[in-house]
Structure formats: C-alpha cells, structure tokens
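Enquirer: What follows is a protein structure lacking sequence information:
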C-alpha cells in the first residue's frame, strides 16, 4: 500500500531534502540528518496522507466530498489535496488551534467548523457530520491509506540514507496518533531494516511511550495545553499501535523548553522554520543523546506551521550561537 | 567551466529544492518558484563558488591555504570548503558584519581578520596578506572558478524548470558583485535560453541596475548601512559585468521594507529562513509584479544567515496572514 501510495503521489509530493550541519553534529555528539518535511506542501508531512486517501477514493466518493478533524496540519494537508482533486472538504478544528492553521485551512477552500477541545469529542462531531452530509471521513492517523501516504516519507528516507551511506540508525519521529510513525516504520522494515523508528512525544502527552512500555494502549490525562499542538492525541491508534509495538524502539519524552531550543537551532543551522511539535525529534537528538545509540541519527522535522509570536519567543528565549 | 565545476561539486553540494505556494502565487499574480539556496551548506549559495575555486587549485596551492574577504556568506562558504579540502583559510570580514556570520566563520575553522567597511579597502588588505603569507586569494565574485561554481545553481534551475514545465520566465537573482547573477545567466543561456536573468538590488546600492542602463560600470555612493549586507558591493565585477550586460534583463531596485516583508512571507509560506538580501528577489516578485512579465517567475532565495533579532523584527513588523 505504501508503494502504491508513492506512485499516486509522484509528481504531486515534494521529495524533501535530508539536511545536515557540522554545528548540529557537534551539539548532538553524532551525525544528525534532518528529513525536512516542513518543506512539504502545506508545511507538513500531512499532505502525503491526505493525497493518498483522497486519490484512493471512488469517483462517486470524491464527488461527494471529504471531512476531517485536525488541530491544523492534517486539516491543511486534506484541504489542499481535496482542492487539487476538485473535491469539497469540511474540516473540524479545535477553537484554540493556531490562528495561522485555521486561516490557511479556510484559504485552501475548506469549510472550517470549530469545536472546544476540552469539552467536545471531535471524533463524534466528525462522524455525525460525515453521515448527515454523505462525506467520507478521512481519519488523521487510524486509516490505512493515510498511514500508507505518511509511509512514503519512510521510502524516501530509506533511499536518502543509502545515498549518504547510513545503514544503521535511530529514526526519531514526532509522534501523535502514530500515522507517520507507523508508516515510516513499515517502509523502513521493507527498505532499510537497519533503521529503527523511535517515537518522540512531549511531556504529559506520552501515551505512545507508555503504551510501548506496558504493551497496551494508554491514554493521556489531558487533551490540550501543549505548545506541541500538532502531536497531541488522546491515545495511540487502534491500527497504528500494533505496528508501532512490533517495529518501534523505546519512546522518548521531551520537555516543551527543549522543543523551543531545537526550533532556534533549526533556525540558525538549517534555515528551517519548525513548529514546536515539528522540532521535538531534533530536540531528542540534541539534548538526549544518552537515549540514542550509533554514529548517525535521522530526525523527522515534521512541520513548520507556527505563529510568528511563538517562533519569535523561541528565538528570543533560546538564542543559538 | 560551469559543467566542470558541477562535476567537482557532485556529492558535496545540495541540489536545493524549487518551492512553490498557492498563497504566494496569489500575492504575486503569477506562479512563483523559489530556488531555496538558503538550504545550501553554510546557509547560502556561496559554498558552490568556494568549493569550485578550492577544488580547482593545485595540490601545492591547497597545501599553502586560501584567503577571502566577505561580509559573511562567501566567508562561510570558503571556510567550509577549505576545511573539507584540509586547507587553511583566512577570512577578512567587516567589523559590522552580522555576529552570526563572524561566529560561524570562526567555528568553521577559519582565521577571521576584521576591518572597518567605511574607511578600509578589503581588496587591498586581502591582496597584502595573500602576498605576505603565500595564500591564494579567492575573490568573492570576480574569479572565473567562483562564477562557474555559482553557475551550477543555474544548471539545477534549468533542470528543475523543465521538470515543472517552465520554458519562459524571468529569473530574479539577488545581486551584489554579480558572481551568482552572471553564473546563472551563463548556465541558462546554454540550458534554458527562455529563462532570462534579472538582477535585484537594494535601494541606494543599485550599481548593477544603473550599470546595465548606462552600459558602463557605475559605483555606489556608500558601502555600508544596508540590512542587505550580503549583496552590498562597490561596483559590478570587471568579469561579471560584461556577462550581465550581454545576458541580463533590466535590474529591479527594492526597498529594505519590502525585503523584510518578503522574509515574513518566506517564513509563513515556505518555512524558510531568509536574510534580507536573500529575500530581495522574492520581494521583487511579490511587490513589483508590474516590472515582470509571463506566467511564471523564478526567485533565487540566496541566503538565510540572519541574526534572530533581525528575523524577529521582520515577523513582528510585517505579519503575513
């Protein structure tokens, strides 16, 4: 399914670069390779899964339109993929999502419906509207075609790692519900079995890390209040968790402060704009090198949809010199 | 020479992506394609020319070492290329260059010598030290191997434009002494003759634009005081000007304010960190569309070596929504 998704994505997706920097290697104590998915269309890897899912629909289902719920990156990925397919899109977003993400989703032609993250259930709202209006619900991660689309990022990593001579490394993935994490893990199992995925999560939202440790799906005690809004989900996916359990190494849990510091490093050393959740894998490589092994580490820079205030705060509070 | 430089650069240089965004197209009124050279090693295209020049030296000259003068991007490009060749590098930099550029150049192993941009002549200082210490002077633009190295960016543009179906377009190049501008113009003349280079310069430092209008090399009345420090040079090069005169369209002159606005757009829409001089071509596409023709425009995003204070100022003063 991942290879089929890659064929459908060809000519539409960006093959994002794998960046490195001697300055960053020095901080991390090993060679760091950044898979710059913030440079993907709509500023995150989510365009891959959105395109994969919509391009797999029947003509009738495309005609009827799609619906998605998302804190913002899946929203934009689905909205752009829908527009490029001539399909209408309804997106359900938390009312406290970054303004930029809400505005962009609307500007991409989607109808945006806001909900309260603390009191309402987005899954329920999505299913209800989906049924009432005959729209296909595109789950953010627990959907095979979405996992397959995110997995195309893993196919590229396998190719790019081979190009620079990496055969063994941890691959740190910014992890929410596990769509990207499980997709990359499946792709690497096939094409680069020496590369092992490690999920990275923010403190207090470490459901995947705890689930991997205990072997059963754990739940976060809260659903909001993190600056890593893109990777905050209630629990690992029913589809993604078994894949992660089979293929992933131990999770790594990172503070918000380290995410902001990593954003500043990405600014100075990679000229890349990252959002807090998109910088969390880099933060793990930079500031938790004791949790890793090997001479190389690959970090997914999963997204860059950050408000300018938050970005300026990272630069001002954690200057990288 | 450009093709020979490309062969020497292969495996060492990044083939930087050509990015686009529907949001940016809407502002510009045509399709905008960003050649993201800020993602090049050391954060600017200058690594190309540095590597090209050093890799062309005799073993004896490499052993003796190199010297360069630069406001910062050429400095870093030469410093890294020298280190990768095992050669020592002395870099002469203006005392008011961005701190980040000075620090990075030192961290890349070069010996940095500071001079006063307003009262001292860097060319003279460079030639003197070069002779006294037996170092090869690598001119920032008026040097055939440097022009050839920067021209490799043009070869990539020709390939990438063909991939997305562009055969006719203005190619806007952030222009200082004209090394990048003339190198790209030569490459496109051979490989994509429908793509025409247009130099873009900051207000008060428009020597190339005035030189192209009058047919003879003009001089700027001042040498400092621009936020576009990377592209402020006294006069077009003796080697680069005849090439630009033969191949380039009219120059475009851009205010500092528009550069800052374009930096904010690059942040929001491309997730790319640009310095003011590196954003000037994008500024021309965004805010001076009346000066351009055709459905497509290619903009070189030449560098991203900007202090965090300047970057935060662009985001705060010119929010892109």
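Expert: Sure thing, it's come through. Keep in mind the model is a prediction, meaning the values are calculated, not measured.

Enquirer: Please list the residues of the stretch 151-300 of chain A that sit near chain B.
Expert: Within the stretch 151-300 of chain A, the positions near chain B by Cβ under 8 Å from any Cβ of the partner chain are A:264, A:267, A:268, A:270, A:271, A:272, A:273, A:274. (Each C-beta comes from the backbone N, C-alpha and C, glycine too.)

Enquirer: Out of these, grab the one that's most surrounded.
Expert: Comparing these by number of neighbours (other Cβ atoms under 10 Å in any protein chain shown), residue A:274 comes first, having 34 neighbours.

Enquirer: May I have the phi/psi pair for the nearest residue to residue A:166 once chain neighbours are set aside?
Expert: In this structure, residue A:166 finds its nearest non-sequential neighbour in residue A:296, 4.9 Å apart by Cβ to Cβ, 6 or more residues apart in numbering or on different chains. Residue A:296 has phi and psi values of phi -130, psi 150 when expressed as degrees, to the nearest 10.

Enquirer: so where's the longest helix in chain A?
Expert: Across chain A, the helix with the greatest residue count (assigned by DSSP state H) is helix A:144-163.

Enquirer: What average pLDDT does the helix or strand following that helix get?
Expert: For helix A:144-163, the succeeding helix or strand toward the C-terminus, using DSSP states H and E, is strand A:169-174. In this model, strand A:169-174 has a mean pLDDT of 98.

Enquirer: before we move on, the earlier item: okay, the residue nearest to residue A:166: pLDDT?
Expert: pLDDT recorded at residue A:296 is 98.

Enquirer: which non-adjacent residue is nearest residue A:126?
Expert: Of all residues beyond its chain neighbours, the one nearest residue A:126 is residue A:69 (4.5 Å), with distances taken as Cβ to Cβ, 6+ apart.

Enquirer: One more: residue A:306?
Expert: Spatial nearest neighbour of residue A:306, excluding adjacent residues (Cβ to Cβ, 6+ apart): residue A:275 at 3.8 Å.

Enquirer: Could you check how far the residue nearest to residue A:126 is from residue B:31?
Expert: For residue A:69, the distance to residue B:31 (Cβ to Cβ, to the nearest Å) stands at 32 Å.

Enquirer: follow-up on the earlier one: give me every residue that touches the residue nearest to residue A:166.
Expert: Going by Cβ atoms under 8 Å, 6 or more residues apart in numbering or on different chains, residue A:296 touches A:30, A:31, A:32, A:33, A:166, A:168, A:169.

Enquirer: If you count surrounding residues, which of residue A:69 and residue B:31 has more?
Expert: With neighbours defined as other Cβ under 10 Å, residue A:69 and residue B:31 compare such that residue A:69 has more, 27 against 19.

Enquirer: contact partners of the strand or helix carrying residue A:241?
Expert: Assessed by DSSP H and E, residue A:241 sits inside helix A:240-247. Outside of helix A:240-247, the residues within contact range by Cβ under 8 Å, 6+ apart are A:141-142, A:147, A:177-179, A:181-182, A:185-186, A:188-189, A:196-197, A:199, A:208, A:211-212, A:215, A:217, A:236.

Enquirer: Give me the angle between that helix and strand A:169-174.
Expert: Counting by axes from the mean of the first three to the mean of the last three Cα atoms, to 10 degrees, helix A:240-247 lies at 160 degrees to strand A:169-174.

Enquirer: rewinding a little: in terms of distance to chain B, which of the contacts of residue A:296 ranks first?
Expert: residue A:33 (12.5 Å; Cβ to the nearest Cβ).

Enquirer: that's a helix at that closest one, yeah?
Expert: No. Residue A:33 sits outside any helix when classified using DSSP: H, G, I helix; E, B strand; the rest coil, being strand.

Enquirer: what pairs with it across the strands?
Expert: residue A:298 (DSSP bridges).

Enquirer: Touching, it and residue A:299? I think so.
Expert: Yes. With contact defined as Cβ atoms under 8 Å, residue A:33 and residue A:299 form a contacting pair (7.0 Å).

Enquirer: So for those two, which sits in the more crowded spot?
Expert: Taking other Cβ under 10 Å, residue A:33 and residue A:299 do not tie; residue A:299 has more neighbours (30 against 24).

Enquirer: Please name the spatially closest residue to that one (chain neighbours excluded).
Expert: With sequence-adjacent residues excluded and distances taken as Cβ to Cβ, 6+ apart, residue A:299 is closest to residue A:281, at 4.0 Å.

Enquirer: doesn't residue A:172 make contact with the one you found?
Expert: Yes. Counting by Cβ under 8 Å, residue A:281 touches residue A:172, with 3.8 Å between them.

Enquirer: Overlap of the contact sets of these two?
Expert: In terms of Cβ under 8 Å, 6+ apart, residue A:281 and residue A:172 are both contacted by the residues A:200, A:299, A:300.

Enquirer: name the element the first one belongs to?
Expert: Going back to what we said before, that points to residue A:200. When elements are assigned from DSSP H and E, residue A:200 belongs to strand A:195-202.

Enquirer: tilt between that strand and helix A:144-163?
Expert: Counting by the same axes, to 10 degrees, strand A:195-202 lies at 120 degrees to helix A:144-163.

Enquirer: Would you list the phi and psi of residue A:72?
Expert: Note on residue A:72: its backbone torsions stand at phi 150, psi -40 [degrees, to the nearest 10].

Enquirer: ok so, going back, quick one: secondary structure of the residue nearest to residue A:299?
Expert: Per three-state DSSP, residue A:281 ends up helix.

Enquirer: ok, it - contacts?
Expert: The contact partners of residue A:281, by Cβ under 8 Å, 6+ apart, come to A:172, A:173, A:174, A:200, A:299, A:300, A:301, A:302.

Enquirer: Report all helices and strands that the lowest-mean-pLDDT helix or strand in chain A contacts.
Expert: Least confident helix or strand of chain A, by mean pLDDT, DSSP states H and E, is helix A:99-107 with a mean of 87. On a contact count with 3 or more Cβ pairs under 8 Å, 6 or more residues apart in numbering or on different chains; DSSP states H and E, helix A:99-107 meets helix A:73-84, strand A:89-94, strand A:111-115.

Enquirer: Check which residues of the longest one are buried.
Expert: Which is helix A:73-84. Buried residues in helix A:73-84, defined by neighbour count with 16 or more other Cβ atoms under 10 Å in any protein chain shown: A:73, A:74, A:75, A:76, A:77, A:78, A:79, A:80, A:81, A:82, A:83, A:84.

Enquirer: Isn't the first one up against residue A:102?
Expert: No. Here residue A:73 lies out of contact with residue A:102, judged by Cβ under 8 Å, at a distance of 11.9 Å.

Enquirer: Identify the contacts common to those two.
Expert: What both residue A:73 and residue A:102 touch, as defined by Cβ under 8 Å, 6+ apart, is an empty set.

Enquirer: Excluding chain neighbours, what is closest to the closest residue to chain B within the stretch 1-150 of chain A?
Expert: Closest contact between the stretch 1-150 of chain A and chain B, by Cβ to the nearest Cβ, is at residue A:38 (4.3 Å). Leaving aside its sequence neighbours, residue A:38 sits nearest to residue A:304 (Cβ to Cβ, 6+ apart; 3.2 Å).
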